[in-house]
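Student: Could you work out the structure for the sequence below:
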Amino acid sequence: MKWTSTGFSRAIGLPAASIALLVGLAGCSSSPTSPHTATGILTGTAQACAGLAYVPKANLRVYRGDAVTARKDVYRTADPVARKQVPTNTTYRFVLAPGRYFITNSSTQFAHPFVLTGGSTVHLDVPNWCE
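Tutor: Predicted coordinates:
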């Protein structure tokens, strides 16, 4: 049997078109694990943690856990899931997976817990806890 270009394209055209359609439709799904809803945003303004001395930057650290974990000083030995140094009185922004967290400023003894859900934005101003 001799295959012509027309016969060959008809023979493989349908399976190839079916695969292309399936791949295209898979990219259009709106599943809950989509990168657009899988993370949340923590934002706010931050004050540097300064006592008598002037400190120009806030040293923010975010840890996974809740208020009980924060009170147990876990952050003194645990690794933060995110950290950022920002000039005092400026806006900070963290993009994080959903969960329970707490934020500290300059690894002080003060920690503020918060809960982040997918697609949400939590606004939390971090004061100068060292005054």
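
Student: domains in the protein, as residue ranges please.
Tutor: With domains defined by automatic domain parsing, the chain comprises 1-30, 40-123.

Student: and these, which one is worst for confidence?
Tutor: The minimum mean pLDDT among those belongs to domain 1-30 (a mean of 49).

Student: in the chain, which spans are strands?
Tutor: Applying DSSP state E to the chain gives strands spanning 40-46, 57-64, 82-87, 90-96, 99-105, 111-116, 121-123.

Student: Tabulate the ones you listed (CSV), appending mean neighbour count and distance to C130.
Tutor: For every residue, glycine as well, the C-beta is placed using N, CA and C. Putting those into CSV (neighbours: other CB atoms under 10 Å; distance: least, CB to CB, whole Å) gives the following:
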stretch, mean neighbour count, distance to C130
strand 40-46, 18, 13
strand 57-64, 20, 11
strand 82-87, 14, 16
strand 90-96, 15, 17
strand 99-105, 21, 8
strand 111-116, 18, 13
strand 121-123, 13, 22
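
Student: So which of these is nearest W129?
Tutor: Closest approach to W129 among these (CB to CB): strand 99-105, 5.7 Å.

Student: and that closest one with strand 90-96, angle?
Tutor: Orientation check (axes from the mean of the first three to the mean of the last three CA atoms, to 10 degrees): strand 99-105 against strand 90-96 gives 150 degrees.

Student: heads up, I number from 57, so please use that
Tutor: Right, with 57 as the first residue, what we last looked at is strand 155-161.

Student: tilt between strand 155-161 and strand 167-172?
Tutor: Using the same axes, to 10 degrees, strand 155-161 lies at 150 degrees relative to strand 167-172.

Student: Need phi/psi at S176.
Tutor: The phi/psi pair for S176 (degrees, to the nearest 10) reads phi -100, psi 160.

Student: which residues touch the residue nearest to it when sequence neighbours are not counted?
Tutor: Leaving aside its sequence neighbours, S176 sits nearest to G96 (CB to CB, 6 or more residues apart in numbering; 4.6 Å). Residues in contact with G96 (CB atoms under 8 Å, 6 or more residues apart in numbering) are 151-154, 172-178.
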